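with the input below, show me the fold.
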Amino acid sequence: MPFVLLYLVVEIVALVALVSWIGFGWTLLVLVAGSVLGLWLARREGLRAMRAMGEAARDRRVAHVEVTDGILIAMGGLLLLVPGLVTDVAGLLLLLPPTRSLVRRRMVRAAERQVPVLRTARIRGDSTIVDGEVVDDPWSAPRPVAGVIEGRIEDPAGGPVVEGEIVDGTGPDGGRRAS
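Here you go, the predicted model:
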């Protein structure tokens with residue numbers, strides 16, 4: 001209840017101050033122009049945020065910036081719907097990209113202070129993801145069993161034959177074949 005009373009007092013004081021400064025007609029024009037500009041900005045920025053979220057989903061990356069922008073745009077649109085001069089100004093400021101960027105950074109920092117794991121998730125989400133496949137080390141892969149042909153032991157993988165034994169290069173280097 002105290003918040004509602006504070007809101008009403010602030011809005012009435014701002015409206016009376018603007019009327020006494022520029023007059024009733026100009027104040028009415030400012031309110032209508034602010035609403036029209038705000039609705040246009042809300043539509044434009046909302047569509048832009050939706051496209052950015054779609055691109056992030058298509059690129060398979062975390063869309064934390066896009067989602068935060070979408071939330072701030074929705075808050076700005078909601079503030080435009082609430083009657084009053086101060087809420088219209090606050091809503092317009094949230095719809096402008098530079099102001100929204102400042103608010104977003106402050107929101108993210110505050111959230112990361114409250115929940116430190118969010119910082120780790122944001123850092124990992126901003127990393128580059130390389131699409132590829134894992135290829136096993138050819139030297140550590142299981143090798144085919146050697147066969148005996150004409151009294152000699154041969155290695156199908158091409159290793160040398162020494163005194164009837166297959167030499168595969170396994171030694172002190174941890175199982176790697178020497179080149």
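
mind giving me the domain ranges of the protein?
Following automatic domain parsing, one finds the domains of the chain at 10-125, 139-167.

to Phe3, which of the ones you listed lies closest?
domain 10-125 (10.5 Å; C-beta to C-beta). In this view, the C-beta of every residue, glycine as well, is placed from N, C-alpha and C.

re earlier: winner for burial among the domains of the chain?
Most buried of the domains of the chain by mean neighbour count (mean count of other C-beta atoms under 10 Å) is domain 10-125; its value is a mean of 15.

my read: Arg104 touches Thr68, true?
Yes. Using C-beta atoms under 8 Å, Arg104 makes contact with Thr68 at a distance of 4.9 Å.

before we move on, the earlier item: could you tell me the least trusted of the domains of the chain?
Among these, domain 139-167 carries the lowest mean pLDDT, a mean of 52.

elements contacting the longest helix seen in the chain?
Looking across the chain with DSSP state H, the single longest helix is helix 24-58. The contact analysis (3 or more C-beta pairs under 8 Å, 6 or more residues apart in numbering; DSSP states H and E) places helix 24-58 against helix 2-22, helix 64-81, helix 85-95.

how about 10 Å then?
helix 2-22, helix 64-81, helix 85-95, helix 97-114 (3 or more C-beta pairs under 10 Å, 6 or more residues apart in numbering; DSSP states H and E).

all set, thanks.
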